[in-house]
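Undergrad: Sequence plus predicted model, see below.
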Amino acid sequence: MEPKFKVGGRVKYIGTLLSVPKGASGTVLRHSNEDDVRVVFDGISSSRTDNSYGVLPENLEQVECNGCDPAEGFCRYCREVASKAVSAGSTPTDSATKPTNPKDAIGSTKLGLDVVPDTLKVYAALAFTEGALKYGSMNWRVAGVRASIYKAALERHLMKYWNGEWADPITGVPHLASVIACAGIILDANAAGMLTDDRPPSIPLARIVDNLEAEVKHLHELFKDKHPHHHIEADKLGPIIPK
């Protein structure tokens, strides 16, 4: 019979017989058969030298996937999660439909990297390639950066794009790709603890913007009889983005 709990797996105590409080979390130390699971509970000592408690399987609940072994297939926990999802009706099954892959029930709550458009990834790669060739890849993680430097660079690239220039005339790298790179460096440097936050003293700008909405509505009402043409680049030059 397949052991219900793997060694090293995380579990929660749901029984009431031990001196361990209900809901306590722990790690499986041993599980040689279905009648005895040795668990070391977080922050709770026992009289045994290995600090473990013997718990019946029915008094434990697995709280996370321990990593399914490709050779063994999906673990019991993943199968149970998928089964509950099917029973609850969140996963449609009929004679023409296979049950959902057990990982789907868990993976749907993970960070969805697939929602990022591939075009953003490839343009970012182009801009970061330019930077790596000029300054060395990941240099900001070692040397550190100031937020204001990359904020200013981002604004320059954005202004050039907004005023009709698709790409840098020398490198050929699109300005919006450089915008992505500038923002990415700020984010990555911050995550690496190498960002100097030299932003100016803060003001309640969000509240100011919200408060000005009434003024915007007033202006729209004041000039509601006007219907001016709002000019764009296409009025004189046509599309600025190359095909």
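TA: Great, that's in hand.
Undergrad: From Lys121, how far out is the residue nearest in space to the middle of the chain?
TA: Among the residues of the chain, the one closest to the centroid is Leu111, at 4.1 Å (CA atoms, centre = their mean). The gap separating Leu111 from Lys121 is 15 Å, by CB to CB, to the nearest Å. C-betas here are computed from N, CA, C, even on glycine.
Undergrad: Ok, Val39 next?
TA: 43 Å.
Undergrad: These two: who's more crowded?
TA: Taking neighbours as other CB atoms under 10 Å, Val39 and Lys121 compare with Val39 leading, 29 against 12.
Undergrad: can you give me phi and psi for that one?
TA: phi -130, psi 140 (degrees, to the nearest 10).
Undergrad: give the contact list for Glu58.
TA: Residues near Glu58 by CB atoms under 8 Å, 6 or more residues apart in numbering: Gly15.
Undergrad: right, I mislabeled it, should have said Ala183
TA: Ala183 neighbours (CB under 8 Å, 6+ apart): Tyr150, Leu154.
Undergrad: so where does it fall, helix or strand?
TA: helix 175-191 (DSSP states H and E).
Undergrad: Which is the succeeding secondary structure element to that helix?
TA: Heading towards the C-terminus - elements assigned by DSSP H and E - helix 175-191 is followed by strand 195-196.
Undergrad: what lines up beside that next one in the sheet?
TA: In the sheet, strand 195-196 lines up against strand 145-146 (parallel) (DSSP bridges).
Undergrad: neighbouring contacts of the strand it pairs with?
TA: Against strand 145-146 from outside (CB under 8 Å, 6+ apart): Ile185, Ile186, Ala189, Met194, Leu195, Thr196, Asp198.
Undergrad: repeat that for 10 Å
TA: By CB atoms under 10 Å, 6 or more residues apart in numbering, the list of residues contacting strand 145-146 from outside reads 139, 152, 185-186, 188-190, 192, 194-199.
Undergrad: Can you tell me which of these is nearest Pro228?
TA: Ala152 (33.3 Å; CB to CB).
Undergrad: burial measure for Gly131, as a count.
TA: So Gly131, with other CB under 10 Å, has 19 neighbours.
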